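K.L.:
model this:
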Amino acid sequence: MTRLESRDPVVVRPFVEGDNVAQLTHLLHRAYSAHAAEGRSFFASYQSVEDTAYRLGRGECWLALRAGELVGTVTVAAPYEAPERYPAAPGAGSFWQLAVDPSYREVGLGQRLLSLAEERIAELGSSQVVIDTSAEAVDLVGWYRRRGYAPVGFWRWGVTNYESVVLLKELVPGGHRM
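P.N.:
Down below sits the predicted model:
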């Protein structure tokens, strides 16, 4: 029996005042540790508690909890305030810090959080979602591509050690994906 097949359901809810930012930061470090071990310094693999608080404050942060244990997260925003020259259309939404505890992988939680992010972005009025990830993270890029994301450009962040591929997906307002 997998961890998600037991009696305690995973509850997904918004981050609220009083939630533990240090615990969220620790989850991000765990979730991105495999990338760091492969030499890709995703910001989430080493960001500080203050960085986490800043990043979750730029959008809606959602937490996945099971029996009180933080097992996943995603932060969404629409429209996304992209840096100048970032390859995204004005008004596109985005999400970041999509993370699943390593012991909860391969059970659909990442897909559940991705679907929530896309639904919220559409509900907030954006018809596109734009994200980026390491171009070297071939499995992760493939995961997004299988879910309808297409490469539209490249970007280099000052806080990572790799070039990012920028991925775009068309959405239908109201939360339905095309």
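K.L.:
grab the nearest non-local neighbour of Asp21.
P.N.:
You called it Asp, but residue 21 is Val. Nearest non-adjacent residue to Val21, counting by C-beta to C-beta, 6 or more residues apart in numbering: Ala53, 4.9 Å away. In this view, the C-beta of every residue, glycine as well, is placed from N, C-alpha and C.
K.L.:
in what helix or strand does the one you found lie?
P.N.:
helix 49-56 (DSSP states H and E).
K.L.:
so what does that helix touch, helix or strand wise?
P.N.:
Helix 49-56 makes packing contacts with helix 21-31, strand 94-100 when contacts are defined by 3 or more C-beta pairs under 8 Å, 6 or more residues apart in numbering; DSSP states H and E.
K.L.:
go again with 6 Å.
P.N.:
Applying 3 or more C-beta pairs under 6 Å, 6 or more residues apart in numbering; DSSP states H and E, we find helix 49-56 packed against helix 21-31.
K.L.:
for Glu118, grab phi and psi.
P.N.:
Dihedral angles of Glu118 (phi, psi; degrees, to the nearest 10) stand at phi -60, psi -40.
K.L.:
same check, this time on Ala122
P.N.:
According to degrees, to the nearest 10, Ala122 has phi -70, psi -40.
K.L.:
look up the pLDDT of it for me, please.
P.N.:
Ala122 carries a pLDDT value of 95.
K.L.:
for the one 3 residues further on, same thing?
P.N.:
Gly125 carries a pLDDT value of 93.
K.L.:
please report the distance of it from Val172.
P.N.:
Using C-beta to C-beta, to the nearest Å, Gly125 is found at 12 Å from Val172.
K.L.:
ok, now which ones touch the residue lying closest to Tyr149 once chain neighbours are set aside?
P.N.:
With sequence-adjacent residues excluded and distances taken as C-beta to C-beta, 6+ apart, Tyr149 is closest to Leu167, at 3.9 Å. Listed by C-beta atoms under 6 Å, 6 or more residues apart in numbering, the contact partners of Leu167 are 131, 144, 149, 151.
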